[in-house]
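# model this:
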Amino acid sequence: MLATYSIVDKFKSLRATTLQIVCPLEKDDYTVQTAPYVSPPKWHLGHVSWLFEKILEQIDKDYKIHDVTFSKYLNSYYNKFGEQHDKASRGAVSRPTTEQIQRYYDLITQKIITFLNTVHLDASTEKIIELGIHHEYQHQELLVYDLQHILAEKYNPKIRNRRDDVLSVKQKQIHIEGGIYNLGYSGKEFCYDIELPEHKVYLNEYKIDAFPVTAGQYMEFIESGGYDDHRYWLSDGWNAVRKNGWTAPMYWYKQDGKWHINDFLGSRIVDPSEPVCHVSYYEADAYCKWAQRRLPTEAEWEKAACWNEERQIKTVFPWGDDSPSGNHANLLESYLWGPSKIGSFPQGASHYGCHQMIGDVWEWTSSEFVGYPGFKSGFSEYNDKWFTNQKVLRGGSFATPRDSIRASYRNFFRLDERWLFSGFRCADDV
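Model prediction:
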C-alpha cells in the first residue's frame, strides 16, 4: 500500500519538533557535553538521522549511505552496525562539524519524505519506519534532559506557556481491589516489543497514592536526616550517596535556610506542591522505607492507571482511549518546561482517582526491567539487550512527546540515574 498521509505527516511533524527544540541554541551550544551521561545536541541530531539512514539501507537495496565516516561517531550501541565512539567523550569530537550534522539532518528528512511519498510500503516496512519515528521521540526527550544539564535557565525555548494556578489539594490513598489483571499493551496502535505480550498477573489488594510524592513531602525526608542514615538505603544506594555526595535531589541546593532548584525555570525556591523530580531509584526507595511504605510494582501502577472497575475494561490512558490533550497531562507539547503542581490536571485522572499518572515526572516502580513472559524481540539490540540491572518507570514526563506515550509504556534506567525527569508515588499493602 502507499504510505498513508498520517505517517508522512507524523514524520514531518516529528522532524519539525526536533528542530524547534534546538532552534534557540547558539552554535557553541551544539558541541557541549557537561557529564559522561549527557550527549551534545549535535550528536542527538546526527544519531536520529543516522538511524533513519540505516533503516533506508535496510529497506531499499539500492540505497547508498551519505557518508560512511559518520557511522562510528553517531552509532550509540548497535554492535551489528559496527564500532561506536565512547559515549563519555562525544563532546570531544569536532568532526563531523555542527554544520555538517545540520545539513545531514535536513538531507535525511528529505530522503525519508521522498521515500514515503513514492514507494509502496508493506506492513513490515511501515512498522520499521514507525519505530524510527518513536526512536526520535525518545531522543527529543533525552535532548531536553541534556539541555537542562547544559544550559538550565539559559535555554530560551521557542514556546513557553504559563503554568495555571491550581487550588491546593491533599495527598490521599486510593484502594485498589486485588485479583487477575491483564498487564501490557492492549491497543491497536504502535507499541514497543517490551509492552507485549499482554498477560495475566495476580495482584493482592493494595493502596496507592492519588498523586506523586511532592517536593514538600520529600523535604521532610531530607530534613529528618534521610541522607545521613544508612538504615533507609539499599547497600548500593548508600554507596552512591557517599561516593557522589548526595544530600538532596539533583539540581537542588540550600540557600538562606531554604531549598532551591536550578532548572529550566531558573534558580528558584523549590515549590513544595510540585512532584519531586530528579531522584534516583535509590532515593525513591529510601524515602519509602523512611515513610514505612513502598514503591508500587509496574502491574500495580498500570492497573491503578488503566483499569475501569465499573465497566470492567482497560483503557489506553487513565482518562480513556482518547489521545492526550492539554487538559489531560503535562507533556512536551504543554511547553511548561517543568513539573506542574499536584491537582493541575483533574481531567486526566484515572477511573480510580489517581492523578498525573501521565506526564510531569516518570515514576519509579519496584519492578525489574525484564521481558514479559512470552516476549519476542521486535528489533534486535533495541530493548532486550538491557534486561539487566535496570528498573521500570511508568507514565512519562513534561518532556515526553504526546504521540509517544501510553500507560503501558515501559521506560527503564539504572538505579543511580537521576538527570532524567523522574519521581515516584508510594503504595501500601492492605
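
# Give the other helices and strands that the helix or strand harbouring Asn117 contacts.
Counting by DSSP states H and E, the element that carries Asn117 is helix 98-118. Helix 98-118 sits against helix 5-22, helix 41-59, with contacts defined as 3 or more C-beta pairs under 8 Å, 6 or more residues apart in numbering; DSSP states H and E. In this view, the C-beta of every residue, glycine as well, is placed from N, C-alpha and C.

# For the last one, the averaged confidence score.
Right, the one you point to is helix 41-59. Helix 41-59 comes out with an average pLDDT of 97.

# Please apply the same query to stretch 216-224.
Summarised as a single mean, pLDDT over stretch 216-224 is 98.

# May I see the buried residues of that stretch?
Gly216, Gln217, Tyr218, Met219, Phe221, Ile222 (16 or more other C-beta atoms under 10 Å).

# One more: stretch 233-242?
Trp233, Gly237, Trp238, Ala240, Val241.

# returning to what we had before: closest to Glu300 among the buried residues of stretch 216-224?
Gln217 (19.7 Å; C-beta to C-beta).

# what's downstream of the helix or strand harbouring that closest one, the next helix or strand?
Assigning secondary structure by DSSP H and E places Gln217 in helix 215-223. With elements assigned by DSSP H and E, the helix or strand that comes after helix 215-223 is helix 235-244.

# residues in contact with that next one?
The contact list for helix 235-244, computed with C-beta atoms under 8 Å, 6 or more residues apart in numbering, reads Tyr227, His230, Trp233, Trp246, Ser280, Tyr281, Tyr282, Glu283, Asp285, Ala286, Leu415, Asp416.

# What average pLDDT does that helix get?
98.

# Confidence-wise, which helix or strand of this structure is lowest on average?
In the chain, no helix or strand scores lower on mean pLDDT, DSSP states H and E than helix 5-22, which sits at a mean of 94.

# orientation of that helix relative to helix 41-59 in degrees?
Counting by axes from the mean of the first three to the mean of the last three C-alpha atoms, to 10 degrees, helix 5-22 lies at 160 degrees to helix 41-59.

# Can you spell out which helices and strands pack onto helix 5-22?
Helix 5-22 sits against helix 41-59, helix 98-118, helix 123-150, with contacts defined as 3+ C-beta pairs under 8 Å, 6+ apart.

# which residues sit against that helix?
30, 41, 45, 48, 105, 109, 112-113, 116-117, 126, 129-130, 133, 136-137, 139-140, 143-144, 147, 157-159, 332, 401, 403.

# element containing Ser366?
Per DSSP H and E, Ser366 falls inside strand 362-368.

# Buried residues, that strand. List them.
Under the neighbour-count rule (16+ other C-beta under 10 Å), strand 362-368 has Trp362, Glu363, Trp364, Thr365, Ser366, Ser367 buried.

# Walk me through which strands it pairs with, and which way each runs.
strand 391-394 (antiparallel), strand 422-423 (parallel) (DSSP bridges).

# Just say which of those strands is most tucked in.
strand 422-423 (a mean of 28; mean count of other C-beta atoms under 10 Å).

# Check which element follows that strand along the chain.
As assigned by DSSP H and E, the chain's next helix or strand after strand 422-423 is strand 427-429.

# Return the distance of that following strand from the chain's centre.
Centre-to-centre, strand 427-429 and its host chain are 25 Å apart (C-alpha atoms, centre = their mean, to the nearest Å).

# tally of neighbours for Asp58?
If you look again at residue 58, you'll see it is Gln, not Asp. 11 (other C-beta atoms under 10 Å).

# got the contact list for it?
For Gln58, counting by C-beta under 8 Å, 6+ apart, the contacting residues are Ile128.

# Please report how far it lies from Glu126.
Gln58 sits 13 Å away from Glu126, taking C-beta to C-beta, to the nearest Å as the criterion.

# go on, Ser6?
Taking C-beta to C-beta, one finds Ser6 at 10 Å from Glu126.

# More neighbours: which of those two?
Using other C-beta under 10 Å, the more surrounded residue of Ser6 and Glu126 is Glu126, with 17 against 8.

# Grab the nearest non-local neighbour of the more buried one.
In space, and not counting its chain neighbours, Glu126 is closest to Ile7: 6.5 Å by C-beta to C-beta, 6 or more residues apart in numbering.

# What count of nearby residues applies to that neighbour?
Ile7 has 15 neighbours, counted by other C-beta under 10 Å.

# so how far is Thr109 from it?
Counting by C-beta to C-beta, the gap from Ile7 to Thr109 is 14 Å.

# do the same with Ala210
Taken as C-beta to C-beta, the span from Ala210 to Thr109 is 43 Å.
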